[in-house]
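**Q** I would like to see how this sequence folds:
(one chain, ligands or ions: 1)
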Amino acid sequence: MIIAIDGPAAAGKGTLSRRLAAEFFLAHLDTGLLYRAVAARVISLDLDPLDEKAVSGVARNIGKIKAAEGELREEKVGLVASVIATQKEVRLALLKYQREFSKAPPGSALGAILDGRDVGSVVLPAADVKIFVTASQEARAERRYRELLGRGVPSIRSRVLQEIRERDERDCRRKLSPLVPSEDALLLDTTEMDADSAFEAAKAFVVQVSGAR
Ligand code: C5P
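**A** Residues are numbered from 1 along each chain as shown. Just a heads-up that it's a prediction; the model follows:
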């Protein structure tokens, strides 16, 4: 079984995907981490994020990039990720990696679940189940702000909201693989939902569409 989860920044895709992966014995790939890994390498090598040739060279070596998840989760890495994610060669290199993962998920998994922006629309258009998770910008910013505080990262609420807006703007308006729900995706607006209700709704949809139990 292949599941595609898409949605804007801080919509709760990661938590939902990890829970669905455990429920249905699937290998999980957070595709945002791939873009973040490229961005972190670009930053550490002091490359210009707009230098497409240099950035695509980094992306083609994605399998070799070693990075700690804590570092990748930094907001500045997310912002640079959304810049390099507009570049064609970068997307092509990462597309290959994502499709290979879904074809041969690691371990004894029964399939794969990938979450990102364009998994259902571009990476795996034939996925068995597609879910588009969203929430208002304010709700997402509030969740991200609390998550950052929980991790001990000093943050300013209004700044977090501003960064979410910037990333939404870039992810939705870019020419290549913009963030749009696929027609056959379940739209899950979690503005008024907690993580448990979002999981229950998504799980019911997976069972309904795929017949899995
Ligand atoms: O999901 P996350 O916030 O970690 O993603 C970081 C950035 O990577 C996004 O803002 C987006 O620009 C880019 N991305 C993408 N396509 C994906 C996943 C992430 O363009 N499938």
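
**Q** Where do the strands of the protein begin and end?
**A** Here the chain has its strands, by DSSP state E, at 2-6, 27-30, 112-116, 129-134, 186-189.

**Q** Residue 36 versus residue 200, what's the distance?
**A** 29 Å (CB to CB, to the nearest Å). C-betas here are computed from N, CA, C, even on glycine.

**Q** what about those two, which has more around it?
**A** Just comparing residue 200 and residue 36: by other CB atoms under 10 Å the higher neighbour count belongs to residue 36, 25 against 12.

**Q** sorry, back to before: JSON lines for the strands of the chain, including distance to residue 148, mean neighbour count and mean pLDDT?
**A** Below are the strands of the chain laid out as JSON lines (distance: least, CB to CB, whole Å; neighbours: other CB atoms under 10 Å; pLDDT from 0 to 100):
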{"stretch": "strand 2-6", "distance to residue 148": "22", "mean neighbour count": "27", "mean pLDDT": "98"}
{"stretch": "strand 27-30", "distance to residue 148": "18", "mean neighbour count": "20", "mean pLDDT": "97"}
{"stretch": "strand 112-116", "distance to residue 148": "20", "mean neighbour count": "27", "mean pLDDT": "98"}
{"stretch": "strand 129-134", "distance to residue 148": "20", "mean neighbour count": "25", "mean pLDDT": "97"}
{"stretch": "strand 186-189", "distance to residue 148": "23", "mean neighbour count": "17", "mean pLDDT": "96"}
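
**Q** I'd like the distance between the closest residue in space to residue 7 that isn't next to it in sequence and residue 76.
**A** Setting aside the residues directly before and after it, residue 7 is nearest to residue 133 in space (CB to CB, 6 or more residues apart in numbering), at 3.8 Å. Distance of residue 133 to residue 76, computed by CB to CB: 24 Å.
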